[in-house]
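Q: missing the sequence, but the structure's below:
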Ligand SMILES: NC(=O)c1ccc[n+]([C@@H]2O[C@H](COP(=O)([O-])OP(=O)(O)OC[C@H]3O[C@@H](n4cnc5c(N)ncnc54)[C@H](O)[C@@H]3O)[C@@H](O)[C@H]2O)c1
Ligand SMILES: [Zn+2]
Ligand SMILES: [Zn+2]
């Protein structure tokens, strides 16, 4: 079948809309009609070449839609099911899935290759075989994905909002709850209030952070953070430092969650200085794979027993956490409508990324037409 898709051919060049040929689903695979796709900064990392992917690649890794067809051996979903995609597939049986760490499932090995488990590429076009970002490629009207990349959800949920639970929500929420281990009474700093950071703010507030300090150079982001639970907001880590010291009697924060667009050495050092003894610095934002951007005094880390932790998909388990987080949306404890700033057609995807980079959006969402 044919599908319109947004494709990166060359790093630094605009994303192109192209008609591609899509294969039928084979063993363990499903055909999905994508209805909505969120715009995340990680797509920009692929488009800019910060994360070096095999190209051409269909962009998009935050998606929701309806299952159209299933290949042989598919047991997790059936045609007609509403699903939210997980940008991390989970096989269920590798060492990491089996011990409850689905976010580091071995099937994640081809995230930047964009091939399905087993190595095949279901999209073809003028430039040959096309990969799909995170095995999804949600900026396509249709996709063929492995059953381990989709999670069925309650049909009463609005998929135009639930779509954010494919990346931004679990990544941000889990960075706070799972990786930073935020507990009631904690002092928490969130640095960078985009589609990921705003969900770390929501989670820390929900977990009962006493002081919740949001840092972002942009006023619209600081306002949104204050609206959704931050107690203080600053334009820079330098501006926040004194208040964090005052609020905690000099003990500094229990955790700092780093969610800026592109993670720098300065961000990591700021996070390290914002936390106190036994403080946890969570690295969620990304940069080039070979960028050396942790330069810290190891003896201070040791003597203050600080920890620096990486967080992938918020260390969530998609099969259980996507429905759990959507349950929090259903009962009003997780806000989704409030964090979607605007929507785009697929052919406006470059405009959507300009808005992301200028900071106009907390989260933008592509609405597919069929
Ligand atoms: N680890 C994971 O599993 C995972 C998953 C998804 C996204 N990410 C990464 O998380 C990061 C954030 O993604 P996003 O979609 O929320 O991006 P975004 O562009 O929507 O938001 C980034 C925010 O950071 C702010 N910012 C930039 N520099 C800052 C600084 N020095 N101090 C404070 N704030 C600053 C920007 O103003 C913006 O509001 C990206 O690097 C993305 O690739 C990681
Ligand atoms: Zn993402
Ligand atoms: Zn696995």
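A: It's in. Only a predicted model underlies this, so the values are computations on that prediction, with no experimental measurement involved. Numbers count the residues shown, from 1 in each chain. Ligands and ions are numbered 1, 2, ... in the order given.
Q: Only C-alpha atoms from now on, for both contacts and neighbour counts.
A: Fine.
Q: Report the buried residues of the longest helix anywhere in the chain.
A: Criterion DSSP state H: the longest helix present in the chain is helix 318-330. For helix 318-330, a neighbour-count test (16 or more other CA atoms under 10 Å) marks 318-319, 321-323, 325-326, 329 as buried.
Q: residues from this protein in reach of ligand 2?
A: Counting by CA under 5 Å from the ion, the chain comes close to ligand 2 at 40, 167.
Q: Spell out which residues of the chain are next to ligand 3.
A: 90-92, 94, 97, 105.
Q: Apply 6 Å and report the result again.
A: 90-94, 96-97, 102, 105-107 (CA under 6 Å from the ion).
Q: any low-confidence regions in this structure?
A: Along the chain, the model assigns pLDDT under 70 to no residue.
Q: Residue most distant from the centroid, it?
A: residue 249 (34.2 Å; CA atoms, centre = their mean).
Q: Could you identify the longest strand within this protein?
A: Using DSSP state E to define each element, the chain has its longest strand at strand 29-39.
Q: next helix or strand past that strand?
A: Note on strand 29-39: by DSSP states H and E, the next helix or strand toward the C-terminus is helix 41-48.
Q: contacting residues around that next one?
A: 8, 10-15, 51-53, 59-61, 261, 286-287, 353, 356 (CA atoms under 8 Å, 6 or more residues apart in numbering).
Q: which one is the closest residue to ligand 2 within the stretch 51-200 of the chain nearest to, not counting chain neighbours?
A: Closest contact between the stretch 51-200 of the chain and ligand 2, by CA to the ion, is at residue 167 (4.8 Å). Leaving aside its sequence neighbours, residue 167 sits nearest to residue 62 (CA to CA, 6 or more residues apart in numbering; 5.5 Å).
Q: Now do the same contact list for the one you found.
A: Contacts of residue 62 by CA under 8 Å, 6+ apart are 37-40, 85-87, 138, 163-168.
Q: Tell me which stretches of the stretch 1-150 of the chain form helices.
A: Assigned helices in the stretch 1-150 of the chain, in chain order: 41-48, 95-98 (criterion: DSSP state H, counting those that start in this stretch).
Q: Can you tell me which residues in the protein are near ligand 1?
A: Contact residues (CA under 6 Å from any ligand atom) of the chain with ligand 1: 40-42, 167, 171, 191-197, 215-218, 221, 236, 259-262, 284-286, 311-314, 356-357, 359, 362.
Q: Can you turn the buried part of the residues you listed into a PyMOL selection?
A: One line in PyMOL is enough to select the buried ones among these; burial here means 16+ other CA under 10 Å:
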select buried, resi 40+41+42+167+171+191+192+193+194+195+196+197+215+216+217+218+221+236+259+260+261+262+284+285+286+311+312+313+314+356+359+362
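Q: Tell me which of the residues of the chain next to ligand 1 fall in helices.
A: Using DSSP H, those in helices are 41-42, 171, 197, 221, 356-357.
Q: Please give the number of neighbouring residues around the residue nearest to residue 228 when sequence neighbours are not counted.
A: In this structure, residue 228 finds its nearest non-sequential neighbour in residue 202, 6.0 Å apart by CA to CA, 6+ apart. Neighbour count for residue 202, taken as other CA atoms under 10 Å: 23.
Q: and the gap between the residue of the stretch 201-350 of the chain found nearest ligand 2 and residue 334?
A: Going by CA to the ion, ligand 2 is nearest to residue 313 of the stretch 201-350 of the chain, at 8.3 Å. Using CA to CA, to the nearest Å, we find residue 313 at a distance of 17 Å from residue 334.
Q: for residue 199, same thing?
A: 8 Å.
Q: what about the two, which has more around it?
A: residue 199 (28 against 20).
Q: my read is the more buried one is in a helix, agree?
A: Yes: according to DSSP: H, G, I helix; E, B strand; the rest coil, residue 199 belongs to a helix.
Q: from what I can see it touches residue 165, true?
A: No: here residue 199 does not reach residue 165: they are 10.1 Å apart, not a contact under CA atoms under 8 Å.
Q: my read is residue 164 is in a helix, agree?
A: Yes: with three-state DSSP as the criterion, residue 164 is located in a helix.
Q: still on that earlier bit, who are the contact partners of the residue nearest to residue 228?
A: Residue 202 neighbours (CA under 8 Å, 6+ apart): 173, 228-229, 334-335.
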